[in-house]
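> Starting from these lines, generate the structure:
(one chain, ligands or ions: 1)
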Amino acid sequence: MTRHRRRPNSDEDDRPPICPACGVTMMLTVGDDGELHYSCLECGYPDGDG
Ligand SMILES: [Zn+2]
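Residues are numbered from 1 along each chain as shown. Predicted structure coming up:
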C-alpha cells in the first residue's frame, strides 16, 4: 500500500507546466467541458494534444 503521493520521480507534477513556446508558467483555465486545463495566457498554447 503506497501512502506517499509526492515522489521525486513521478509523471504527476504538482507544479504547473511551462509553455514550450513562451517559456512562461501556464495557468489553469476552465475549458468548454467545464474541466480545468492548463493553457498559456501568452499564446494560448493548449496542454496536451487532443
Ligand atoms: Zn505560450
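
> Identify each buried residue in stretch 37-50, please.
Neighbour-count burial for stretch 37-50, counted by 16 or more other CB atoms under 10 Å, picks out 37-40, 45. Yep, even glycine has a C-beta here, placed from its N, CA and C like the rest.

> Just name the closest of those to residue 24, please.
residue 40 (6.5 Å; CB to CB).

> okay, how far is it across stretch 26-45, tip to tip?
Distance between the two ends of stretch 26-45: 9 Å, counting by CA to CA, to the nearest Å.

> what distance separates it from the centre of its chain?
In terms of CA atoms, centre = their mean, to the nearest Å, the gap separating the centre of stretch 26-45 from the centre of its chain is 9 Å.

> Stretch 15-33 now?
With CA atoms, centre = their mean as the basis, the mean position of stretch 15-33 lies at 6 Å from the chain mean.
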